[in-house]
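> What would the 3D arrangement of this be:
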Amino acid sequence: MKNVCLIFALILLISIVFKSNTYAQFDINGQLVQRAEYRHGFGKLIPDTMDPSGFISQRFRLQSDYKSKCVELFGSIQDIRTWGSTSQTNTIDGYLSLHEGWADVTIDSSWRIKLGRQELNYDNARFLGNLDWALQARSHDFALIKFSKRNHKLHFGGGFNQASETLYGGDYYKIVNQYKVAQMVWYNYKHKDFELSFLFWNNGKQDTIVGAKANVTRYSQTIGLPTIEYNFKKSNEISAFVYFQTGKDERNKNLNAYDINLQYSHLISLNKEKKTSVKVILGAEMLSGTNSNDSSNNNYSFNPMYGTNHAHNGYMDYFFVGGRFENSVGLNDLYLKLRYEANKKWFFQTDIHNFIANAKVHNKANKLKDSQLGIELDLTMGIVFNEVVSLQAGYSQLLTSGTLKYLQSQVASDNQSWAYLMLIIRPKSDKKFIGILN
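Numbers count the residues shown, from 1 in each chain. The predicted structure is shown next:
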């Protein structure tokens, strides 16, 4: 608590000093997110013998932002905890951390350099996202050079990670779901009703093969068009994205995978004066997988790596969230979404997903199993009380299959469900809801 008070005092002192400078702007902001959850099969099938879980978690962030003509300095400190995880008389704990701390330096009217711990949140966050749904979120220690002019944007840069300052070597394989070294190039073009993005990501992860030298770094490459979008007649939109992965995974297997999505959405205006509408979204996504009996040195399973995976493939997070379903049989996701929105003040949304294995699934006797994994129903609603406070809630139900039970080695309950209620307090932010793709 002493350290927290010192940080607060330092930020307030800096704000007083910077406000005296007429050529600079200093802003203090923050957020509080509290989420109560009931889990009876969230993320993993739950057996009949297990009891459901329930808890309340929260994220508190304090943000400071200093802007001048030549530089922007941003800092974000956050405390992530579950209610009751520390005693009432606790004096210090390990929940406070730096989420972001970066400088964005202006070179000229088109070029900027951004250095430090920062979020990488691009396109629809399928491959690179800030993981905002997870209360701890995600940020990278990264360096970016950014170009922006008219309809064109170009970002390129990279990161190099070590677990600590060392005198020699530098093993990094024990840091889970993290690259040792990475480079990226991102380009975006937008003109009127058309938008296109290109991404190249070179990912270097240290070896996880038992008995191998731990400092061997394997490189894989992800190349894709994260955004292909065209709007026509103001109420219709066709969008798509495509990724390909090649190179070596961290187990030294040959990587050859893909992720393809195609989506159509139609907006129906019910009352223009009251701004009431219904949006219909129909889409399909195919993430390649590896046959369950494949014993070759090839990996055909696509990995979304650093995306906000909660926003895709159902809100119960069975697929790709937290490393789940990686290096598995892949996924075909056929989905239909209906969203009713009233005057931007509240919405109700129904999502239906049909999950099918992309690659063949065999049992222990090497007999082919049904590729059907399950059907998920997601119900979500949100209410905006004012410019600062909003409420979001959801209920999800999974109708599982024998194949998914087999893949998870579970004698599972027929009732796989999840519900949550979330309070969102975000001053000076247009993001009223979390984890929902419109």
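> for this protein, what's the longest strand?
In the chain, ranked by residue count with DSSP state E as the criterion, the top strand is strand 254-271.
> Please enumerate the strands of the stretch 51-200 of the chain.
Along the stretch 51-200 of the chain, counting by DSSP state E, counting those that start in this stretch, strands occupy 53-67, 71-82, 96-106, 111-118, 140-149, 152-160, 181-191, 194-206.
> Now render these as JSON lines, adding mean pLDDT.
What follows is the strands of the stretch 51-200 of the chain, written out as JSON lines (pLDDT from 0 to 100):
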{"stretch": "strand 53-67", "mean pLDDT": "97"}
{"stretch": "strand 71-82", "mean pLDDT": "96"}
{"stretch": "strand 96-106", "mean pLDDT": "96"}
{"stretch": "strand 111-118", "mean pLDDT": "98"}
{"stretch": "strand 140-149", "mean pLDDT": "97"}
{"stretch": "strand 152-160", "mean pLDDT": "97"}
{"stretch": "strand 181-191", "mean pLDDT": "97"}
{"stretch": "strand 194-206", "mean pLDDT": "96"}
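> Same list, those, but as a markdown table with distance to residue 423 and mean neighbour count please.
For the C-beta atoms, the positions are set from N, CA and C on the backbone; glycine is no exception. Shown next, in a markdown table, are the strands of the stretch 51-200 of the chain (distance: least, Cβ to Cβ, whole Å; neighbours: other Cβ atoms under 10 Å):
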| stretch | distance to residue 423 | mean neighbour count |
| --- | --- | --- |
| strand 53-67 | 9 | 17 |
| strand 71-82 | 15 | 18 |
| strand 96-106 | 20 | 16 |
| strand 111-118 | 27 | 18 |
| strand 140-149 | 28 | 16 |
| strand 152-160 | 34 | 17 |
| strand 181-191 | 34 | 17 |
| strand 194-206 | 33 | 19 |
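> who wins for proximity to residue 308 among the ones you listed?
Taking Cβ to Cβ, strand 140-149 is the member of the strands of the stretch 51-200 of the chain nearest to residue 308, at 13.6 Å.
> tell me the angle the closest one makes with strand 152-160.
Interaxial angle, strand 140-149 versus strand 152-160 (axes from the mean of the first three to the mean of the last three Cα atoms, to 10 degrees): 160 degrees.
> what residues does strand 140-149 touch?
Residues outside strand 140-149 that contact it (Cβ atoms under 8 Å, 6 or more residues apart in numbering) are 110-120, 153-159, 161, 306.
> Then stretch 354-373?
With contact meaning Cβ under 8 Å, 6+ apart, stretch 354-373 is reached by 286-294, 300, 313-314, 318-319, 329-335, 374-376, 400-404, 406-407.
> Correct me if wrong: residue 284 contacts residue 335.
Yes. Residue 284 is within contact range of residue 335, at 7.3 Å (criterion: Cβ atoms under 8 Å).
> For the two, indicate the residue with more neighbours.
Neighbours per residue, other Cβ atoms under 10 Å: of residue 284 and residue 335, the larger number sits with residue 335, 20 against 14.
> I figured the more buried one hits residue 265, correct?
No. Between residue 335 and residue 265 there is no contact under Cβ under 8 Å: 11.6 Å.
> The residue lying closest to residue 120 once chain neighbours are set aside bridge partners, please.
Ranked by Cβ to Cβ, 6 or more residues apart in numbering and with sequence neighbours excluded, the top spatial neighbour of residue 120 is residue 128, at 4.8 Å. With DSSP bridges as the criterion, residue 128 is bridged to residue 306.
> Quick one: neighbours of residue 128, just the number.
Neighbours of residue 128 under the rule other Cβ under 10 Å: 24.
> which sections of this structure are below the confidence cut-off?
Within the chain, the ranges that satisfy pLDDT under 70 run 1-23, 208-214, 438.
> all helices for it, in order.
Ranges of helices within the chain are 2-19, 402-407, based on DSSP state H.
> Which elements pack onto the last one?
So that's helix 402-407. Using 3 or more Cβ pairs under 8 Å, 6 or more residues apart in numbering; DSSP states H and E as the contact test, the elements touching helix 402-407 are strand 372-384.
> If we use 10 Å, what do you get?
In terms of contacts (3 or more Cβ pairs under 10 Å, 6 or more residues apart in numbering; DSSP states H and E), helix 402-407 is packed against strand 346-356, strand 372-384.
> Can I get these in a markdown table including distance to residue 124 and mean neighbour count?
As requested, those are exported to a markdown table (distance: least, Cβ to Cβ, whole Å; neighbours: other Cβ under 10 Å):
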| stretch | distance to residue 124 | mean neighbour count |
| --- | --- | --- |
| strand 346-356 | 15 | 19 |
| strand 372-384 | 17 | 19 |
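> want to try JSON lines for the ones you listed, with distance to residue 434 as columns?
Below are the helices and strands packed on helix 402-407 laid out as JSON lines (distance: least, Cβ to Cβ, whole Å):
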{"stretch": "strand 346-356", "distance to residue 434": "13"}
{"stretch": "strand 372-384", "distance to residue 434": "9"}
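> and residue 32, which of those is closest to it?
Nearest to residue 32 among these is strand 372-384 (15.9 Å), distances taken as Cβ to Cβ.
> Now do the closest one and strand 346-356, the angle between them.
In terms of direction (the same axes, to 10 degrees), strand 372-384 departs from strand 346-356 by 170 degrees.
> residues contacting residue 377?
Counting by Cβ atoms under 10 Å, 6 or more residues apart in numbering, residue 377 touches 314-316, 350-353, 395-399, 417.
> what about it, distance to residue 408?
The gap separating residue 377 from residue 408 is 20 Å, by Cβ to Cβ, to the nearest Å.
> now swap in residue 244 and tell me
Noted for residue 244: a distance of 28 Å to residue 408, by Cβ to Cβ.
> Name the residue in these two with the higher neighbour count.
Relative neighbour count places residue 244 above the other of residue 244 and residue 408, with 17 against 14, counting by other Cβ under 10 Å.
> Run through the bridge partners of the more buried one.
So, taking DSSP bridges as the rule, residue 244 has residue 223, residue 258 as bridge partners.
> State the distance from it to residue 223.
The gap separating residue 244 from residue 223 is 5 Å, by Cβ to Cβ.
> And for residue 197?
Using Cβ to Cβ, residue 197 is found at 12 Å from residue 223.
> ends of stretch 66-73, how far apart?
5 Å (Cα to Cα, to the nearest Å).
> from the middle of its chain, how far away would that stretch be?
Offset of stretch 66-73 from its chain centre (Cα atoms, centre = their mean, to the nearest Å): 28 Å.
> just stretch 337-349 next, same as before
On the basis of Cα atoms, centre = their mean, stretch 337-349 sits 22 Å off its chain's mean C-alpha point.
> likewise stretch 380-389?
Stretch 380-389 sits 22 Å away from the centroid of its parent chain (Cα atoms, centre = their mean).
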